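**Student:** no sequence for this one, just the structure:
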């Protein structure tokens, strides 16, 4: 009896675990207007994801490529 309950619980956990890892991603709860590349870079710098030098390199690159179409 205990073995049957453990087996059922194990299968349920397995199914939930695999469903969470797969499928379509959930949309963000507070999706606002799209950010520009500059805004994303500045937000990443403010959040500590990139260094000041990386921010400057990104901004320089964006300035150099402004007006060109991405392929």
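**Tutor:** Received, thanks. Everything numeric here is computed off the predicted structure, so don't read it as measured data.
**Student:** Provide the contact partners of whichever strand or helix holds residue 62 at residue level.
**Tutor:** Assigned by DSSP states H and E, residue 62 falls within helix 52-65. Helix 52-65 has contacts (C-beta atoms under 8 Å, 6 or more residues apart in numbering) with 37-38, 41-42, 44-45, 50. Any C-beta I mention is one placed from the backbone N, CA and C, and that applies to glycine too.
**Student:** I'd like those as TSV, with secondary structure appended.
**Tutor:** Compiled in TSV, the contacts of helix 52-65 are given as follows (DSSP: H, G, I helix; E, B strand; the rest coil):
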residue	secondary structure
37	helix
38	helix
41	helix
42	helix
44	helix
45	helix
50	coil
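**Student:** Separate out the buried members of the residues you listed.
**Tutor:** Among the contacts of helix 52-65, those classed as buried by 16 or more other C-beta atoms under 10 Å are 41-42, 45, 50.
**Student:** Would you check which pair of these lies furthest apart?
**Tutor:** Greatest spatial distance among the buried ones among the contacts of helix 52-65 (C-beta to C-beta): 42 and 50, at 9.8 Å.
**Student:** which stretches of the protein have low pLDDT?
**Tutor:** In the predicted model of the chain, residues 4-5, 7-8, 10-32, 69-71 satisfy pLDDT under 70.
**Student:** Same list (the buried ones among the contacts of helix 52-65) but as CSV, adding distance to residue 60.
**Tutor:** Listed next are these as CSV, based on distance: C-beta to C-beta, whole Å:
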residue, distance to residue 60
41, 11
42, 14
45, 14
50, 14
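**Student:** Nice, that's everything, thank you.
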